[in-house]
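Asker: Got a predicted model here, sequence first, then my questions.
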Amino acid sequence: MHLAYPAVLAVLLFCVGLYGVLARRNAILVLMAVELMLNAVNINLVAFDVWLRDTLHAGQALTLFTIAIAAAEIGIGLAIVLLVHRNRGSSDIDRLRDLRESDSPSGGDSGGGSRAEKSPASATDNDAESGSDQQVQGPAAGRRHA
Amino acid sequence: MSTTTLAALVPVLPALGALTGLLLGRRAPGFVRPLAVLPTLAAAVLAVVVAARQGGGPALRAATELAPTGNDALPLQLALNLDGFAVLVAVLVGVVATCVQVYSTGYLRDDPRYASYAALVSLFTAAMFLVVYSDDLIVLLVGWEVMGICSYFLVGHYWETPAARAASLKAFLVTKLGDVPFLIGILALASEAGSFRISTVVTRLTSSLSGHELTHPTVIALLLLAGVAGKSALLPLHSWLPDAMAGPTPVSALIHAATMVAAGVYFVARLLPVFTASAAALVVLAVLAALTMTGSALAALAQDDIKRVLAYSTISQLAYMAAALAVADRGAAVFHLLVHGAFKALLFLAAGVVIHAAGTNSLTVMARTGGIARRVPDAYWTMTIALLALAAIPPFSGFFSKEAVLAAAEHAAFGDAHPPFAGAHAVPAGAGWIVLVAGLVTALLTAAYAARLWLLAFRGGPAVAPLAVTGEKAAEHVPEQVPQQAPETELATPGPVHRHAGHDEHRPAPAVMNLVLWTLALPSLALGIAFPVLPHWFDGASLTPTPATSVLATGVALVGGLLTYATWRHSSALAALHPEHDADPGVLLLGPLHRHAAAGFHLDALYRAVVVRPVQGAAGLVRFLDSAVVDTYVAAAGRAPRLLGAAVRRAQTGNVQTYLGALLTGSLALAVIAVVAMTGNGGA
Amino acid sequence: MNALAHSAATHAAADHHGFLSPSGVEIVFVLVGLVTLGAALATVTTKQLVHAALWLVVALGGVAVEYLLLTAEFIAWVQVLIYVGSVVVLILFGLMLTRAPIGRSPDADSGNRWAALAVSVAAAATLVTVVVDAFRATWIDLADPAGPGSGSSEVTGTALFRHWVLPFEALSVLLLAALVGAIVLSRRDGDRDLPPARTRAGER
């Protein structure tokens, strides 16, 4: 088989994922696009492993590792997105702009503003998750209101 | 102790007194008076002892090397030179300074800043001793400059008043203006003559064996003359002296009689061979002296403030000394310096008592109130003696010294002057004539203003006119350019006294002050008799009055005095009839000239127009350039990074996708460049 | 793409014809690749978030088929198991937990879509040019001279547990860390003072 096929497929898949990472607003969609990019890399690894006839099967082993790492990454990533969503009431990454350069010279009050923003968002979050997440929600809400 | 050791102690004692006075003055007020008087008194006694031991013999010299200058032939030396001039001037300085210190203990007894005042007077005295005894030009310059800074502090003693602040600054700046060319002149002289030692310079110039001649005598002499003009208040740089009256009266006495202004004359006397080496310099000096003496005598005739009269008289008398130097007779100059020091100190100190008694500086007011002679008889009599000496009436000391000057001028004018030392050029006859004519005119004017001062201060009638006229009068007679000085005694003796100025509850002047006055009256009266002895101490030229000039000068002096008296009789009779007139004979005598003379011939206005305004304009221009041009670059250098920073800050949106997009674009561009480079290389 | 495929096909036709009808494998590969790419494009462009996850399933499944075509069968099954089986399920859970709207959401794409498009198209053009230029004349020999496929479970397992044991174990530690991290992140913060908080919550 011509090596250019998997290589070109990997490139195009990668660039589609790239577009997704750059253009999507929802953080979970961005994570999906990242998965696409990882898969593109995996295709490359497998294709070149087969092409080189590597006795160690380094490419395939690495692909397995990548898949495992991608699973871990998606777990951590989703946890982070959930946390952000719980704190902000939104998982749109173009609204997570606390690190932007504010016009006021002192950066102190922007942190305070985000903290002030936090509690109503979390309150709505609690309402939404009250059914599924009772055990966790109770103490956390109590702590927050205290 | 050897004479030189004693002489070295003379400047050291007042300096130590000043130091301890400054250190202890605040903590131990009880020590201030002894610390002020005793070192100066000791220095005066030592100066007398030194003078007695030196006895007019050959000059005693001692030197120790102070600092190398890089040129081994030109070391700085702490050198003493004790010749007749030095020891006698030192005696004068010591006596006058002691009198001033003793007088000040009474005059400024309630002044809160007496301690620093006394210390500065001591330092001033020490600096003058240094100038007098020093044989090294640079050490002399040190004393010279210390005097300048001391005069700045002392004239500004009443720094609460703006007039005193302005006067002290003016005194400092004007004398410094002369000191810059003076320093250059000293360096030029030392490099040409090959030594900083005055005695060496003089020996080299006067010795016929060495044949040493200055390359540029005129330039050096004129440069030195600028510094001398600044210190000794000769014409272009004299304007600080009348304003310096803002200082306390004893300071005026010290500056005018013994220290600061005498330094210039004394310096020229010491370095006279340098000046006689250039006929042009002598003529310039003669013209300056002639203009100064007549001009300031006219101005003295028009002043209303008693201290300003005395200040202008000082300028005039200093010009006499300068005139004596211009005809190359330093014996006459220093003789006049000594005599003038005695009677001018007396005049100022007596004027202080008079001001103290009258509660005002203004002669017009004194003439209206009258009765001052009755209240302060000691001051009255001593001041009369001093004024007679000033007017050069025969038995008094001023007559002999002034005659010495005029005789020297006569000799120069008729060409029969014998050079005081070998190698000197003949004194130009023109200089002699200028000095002679100006001296005679000034003798007339001096007698006139002395008589006017005496008549107005002591012979005025009781007040006839209401005081409102006085105010009007003062406003009419004192132009704006003349700084109006508050009667300083109100500051000097705060107390109930001068709240009720002009009434009978005056405190009598302290006894020490009267004692000082009579002490000084003695030399004013009799110092002139010393003329047969003094040539032995000086160069040997005779100081005996010549018949022609003495008759002429005494005659014009008598004419001046009598003319003033007649005018005063006339004007006071007029004043009795019409209250709007006053008894000042100067107005009638000077006629239309009075207004200009009262303003010091508008020299201050001229300086303001010629120097002050352009300098202020230039300063304004520089300030504009600094704020509008230079600061623009500085501000732009600050603003450009700020704008750049604002642009960069604008890029920090906080949107991660934007960052990532920019990052990828950049890496893509790099990748493309790398690929193109690779394929380009591969193709090549 | 078509032009590339065409040129590749002509190359294949010109040079290599033999084992296992390679052109057939290639045709299948290209077709599946097209499906995969289309699914991926749909994933990143669809306005419906759940649809995006479902399109991702298709794309990942297509990739699994490509692995099979490249004779890496173990990888393919792992891909199906882990990606399609767990990752997508996880993503669907995440979508639900963040209350992603069911149906079209007009703001699925952010403002810098066109910049993203330009960057990715440029990247694609550059990379495709480079890759095609580099591997124009390279062929994969899919025929296995030594019995079973080089990507079978046996071969892969042998390689993994003979040569890659240490990274494999390290990876297990990484997975454990990720697990712990995900749990820590998912917990509400400050659960240390859990009993008093609970009592306070009860009071409210």
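Answerer: Structure received.
Asker: any weak-confidence spans in the chain?
Answerer: Looking at chain A here, since you left the chain open. Applying pLDDT under 70 to chain A flags residues A:103-146.
Asker: that's the wrong chain, I wanted chain B
Answerer: Using pLDDT under 70, chain B drops low at B:1, B:208-212, B:416-426, B:461-510, B:540-541, B:579-583, B:681-684.
Asker: so which helix or strand takes in the spatially most central residue of it?
Answerer: By CA atoms, centre = their mean, chain B has its centre lying nearest to B:V261, at 4.3 Å. B:V261 belongs to helix B:260-270 when assigned by DSSP states H and E.
Asker: Tell me which other helices or strands the helix or strand just after that helix touches.
Answerer: Following helix B:260-270 in sequence order, the next helix or strand is helix B:272-276 (DSSP H and E). Packing partners of helix B:272-276 (3 or more CB pairs under 8 Å, 6 or more residues apart in numbering or on different chains; DSSP states H and E): helix B:198-206, helix B:217-232, helix B:279-302. The C-beta positions use only the backbone N, C-alpha and C, and glycine is treated the same way.
Asker: Identify the residue nearest the residue nearest to the centre of chain B in space, chain neighbours excluded?
Answerer: Counting by CB to CB, 6 or more residues apart in numbering or on different chains, B:S232 is the residue found nearest to B:V261 once chain neighbours are left out, at 5.0 Å.
Asker: mind listing what the one you found touches?
Answerer: B:S232 makes contact with B:261-265, B:318, B:321-322 under the criterion CB atoms under 8 Å, 6 or more residues apart in numbering or on different chains.
Asker: Which two among the residues you listed are spaced furthest apart?
Answerer: B:A263 and B:A322 (12.8 Å; CB to CB).
Asker: neighbour count winner among the two?
Answerer: Taking other CB atoms under 10 Å in any protein chain shown, B:A263 and B:A322 do not tie; B:A322 has more neighbours (29 against 25).
Asker: Now the more buried one: closest residue in space that isn't a chain neighbour?
Answerer: The nearest residue in space to B:A322 (CB to CB, 6+ apart) is B:A289, at 4.0 Å.
Asker: Would you confirm that the one you found contacts B:V437?
Answerer: No: when contacts are counted by CB atoms under 8 Å, B:A289 is not listed as touching B:V437 (11.8 Å).
Asker: what about the two, which has more around it?
Answerer: Using other CB under 10 Å as the criterion, B:A289 and B:V437 rank with B:A289 on top: 30 against 14.
Asker: what's the spacing between that one and B:S362?
Answerer: Between B:A289 and B:S362 the computed distance is 30 Å (CB to CB, to the nearest Å).
Asker: now C:L41
Answerer: Distance, C:L41 to B:S362, using CB to CB: 108 Å.
Asker: out of the two, which sits in the more crowded spot?
Answerer: B:S362 (22 against 18).
Asker: Wait, the more buried one touches B:K307, no?
Answerer: No: contact criterion CB under 8 Å: B:S362 and B:K307 do not qualify, at 10.3 Å.
Asker: Residues of chain B that sit close to chain C?
Answerer: B:655, B:657-658, B:661, B:664-665, B:668, B:671-672, B:675 (CB under 8 Å from any CB of the partner chain).
Asker: Export these as TSV, with columns for distance to C:A159 and secondary structure.
Answerer: Output for the residues of chain B next to chain C, formatted as TSV (distance: CB to CB, whole Å; DSSP: H, G, I helix; E, B strand; the rest coil):
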residue	distance to C:A159	secondary structure
B:N655	44	coil
B:Q657	39	helix
B:T658	43	helix
B:G661	39	helix
B:L664	34	helix
B:T665	39	helix
B:L668	35	helix
B:A671	33	helix
B:V672	37	helix
B:V675	34	helix
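Asker: buried subset of those?
Answerer: Among the residues of chain B next to chain C, the ones that count as buried by 16 or more other CB atoms under 10 Å in any protein chain shown are B:655, B:657-658, B:661, B:664, B:668, B:672.
Asker: Show me the two of those that sit farthest apart.
Answerer: B:N655 and B:V672 (25.1 Å).
Asker: Is stretch C:35-45 positioned near chain B?
Answerer: No: using CB under 8 Å from any CB, stretch C:35-45 stays clear of chain B, coming no nearer than 13.1 Å.
Asker: which residues touch that stretch?
Answerer: A:9, A:12-13, A:16-17, A:19-20, A:23-24, A:29, A:32-33, A:36, C:51-52, C:55-56, C:58-59, C:62-63, C:65-66, C:109.
Asker: for stretch B:647-656, same thing?
Answerer: A:93-94, A:96-101, C:110, C:112.
Asker: and chain B, which of these reach it?
Answerer: Within the contacts of stretch B:647-656, those near chain B by CB under 8 Å from any CB are A:93-94, A:96-101, C:110, C:112.
Asker: For B:T653, pull up the helix or strand it's in.
Answerer: Applying DSSP H and E, one finds B:T653 in no helix or strand.
Asker: how far is stretch B:517-527 from where the chain is centred?
Answerer: 23 Å (CA atoms, centre = their mean, to the nearest Å).
Asker: Grab the CA positions of that stretch and hand them over as PDB.
Answerer: The C-alpha trace of stretch B:517-527 is given here as PDB (Å, rounded to 0.1, in the frame of the first residue of the first chain):
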ATOM      1  CA  LEU B 517      33.800 105.600  70.600                       C
ATOM      2  CA  TRP B 518      36.300 107.500  72.700                       C
ATOM      3  CA  THR B 519      39.000 104.900  72.100                       C
ATOM      4  CA  LEU B 520      38.600 105.300  68.400                       C
ATOM      5  CA  ALA B 521      38.400 109.100  68.600                       C
ATOM      6  CA  LEU B 522      41.900 109.200  69.800                       C
ATOM      7  CA  PRO B 523      43.600 107.900  66.600                       C
ATOM      8  CA  SER B 524      41.000 109.900  64.500                       C
ATOM      9  CA  LEU B 525      42.300 113.000  66.300                       C
ATOM     10  CA  ALA B 526      45.900 112.300  66.400                       C
ATOM     11  CA  LEU B 527      47.000 109.600  64.100                       C
END
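Asker: residues in contact with A:L31?
Answerer: A:74, A:77-78, A:81, C:91, C:94.
Asker: of those residues, closest to B:L563?
Answerer: Using CB to CB, those come closest to B:L563 at A:V81, 116.0 Å.
Asker: And the closest one, how far from C:A182?
Answerer: As judged by CB to CB, A:V81 and C:A182 stand 11 Å apart.
Asker: again, but for B:L517
Answerer: 109 Å.
Asker: where does chain B come near chain A, residue by residue?
Answerer: So chain B meets chain A at B:649-650, B:652-657, B:660-661, B:664 (CB under 8 Å from any CB).
Asker: let's see it at 6 Å
Answerer: Within chain B, the residues that sit near chain A (CB under 6 Å from any CB of the partner chain) are B:649, B:652-657, B:661.
Asker: Chain A versus B:L282, what's the distance?
Answerer: 74 Å (CB to the nearest CB, to the nearest Å).
Asker: How many residues are close by the closest residue to chain A within chain B?
Answerer: Residue nearest to chain A within chain B: B:G654 (2.7 Å; CB to the nearest CB). Neighbour count of B:G654, defined by other CB under 10 Å: 16.
Asker: before we move on, what about A:I80?
Answerer: 17.
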